[in-house]
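1. My questions concern the predicted model and sequence given below.
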Amino acid sequence: MSDLTQRADREMLADMPSREIQQLIRDLLAALALATEWQPIETAPMDATEVLLSDGLTYTRTGWFAMRVNKWSIDCATVGLPMPTLWAHLPKLPAKKTT
């Protein structure tokens, strides 16, 4: 559980002044924005988690950090494309419709 989630759980149970609730909401929205925006490659997970990668100019592809070779692996290839400079979390898949 993140620090913000723990803070929200703890503080929402208390009688909070509206000013504090507004600040908590701003903090949560800022954390959400950070999780859904492009970030510098230096902050990317390096544990083989699949993410979106981009050099900011010519491509956006899924990829992961291949620890075995100490390189970013993009669509099963590590040659021919510039090194990624940006990353973002993959979006969640839509819920499966049941009929």
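-> Cool, the structure landed.
2. Could you give me the buried positions within the longest strand along the chain?
-> Longest strand in the chain, counting residues (DSSP state E): strand 60-66. Buried residues in strand 60-66, defined by neighbour count with 16 or more other CB atoms under 10 Å: 63-65. The C-beta positions use only the backbone N, C-alpha and C, and glycine is treated the same way.
3. ok, now stretch 39-55?
-> 41, 44, 51-55.
4. Including distance to A95 and secondary structure, could these go into a markdown table?
-> What follows is those, written out as a markdown table (distance: CB to CB, whole Å; DSSP: H, G, I helix; E, B strand; the rest coil):
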| residue | distance to A95 | secondary structure |
| --- | --- | --- |
| I41 | 31 | helix |
| A44 | 27 | coil |
| V51 | 22 | strand |
| L52 | 21 | strand |
| L53 | 26 | strand |
| S54 | 27 | strand |
| D55 | 32 | coil |
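5. before we move on, the earlier item: would you mind writing the CA trace of the longest strand of the chain as PDB?
-> Listed next in PDB are the C-alpha coordinates belonging to strand 60-66 (Å, rounded to 0.1, in the frame of the first residue of the first chain):
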ATOM      1  CA  THR A  60       6.600   4.300 -29.200                       C
ATOM      2  CA  ARG A  61       6.700   0.500 -28.500                       C
ATOM      3  CA  THR A  62       6.300  -1.900 -25.700                       C
ATOM      4  CA  GLY A  63       9.400  -3.200 -24.100                       C
ATOM      5  CA  TRP A  64      11.200  -4.100 -20.900                       C
ATOM      6  CA  PHE A  65      14.600  -3.900 -19.300                       C
ATOM      7  CA  ALA A  66      16.400  -7.100 -20.000                       C
END
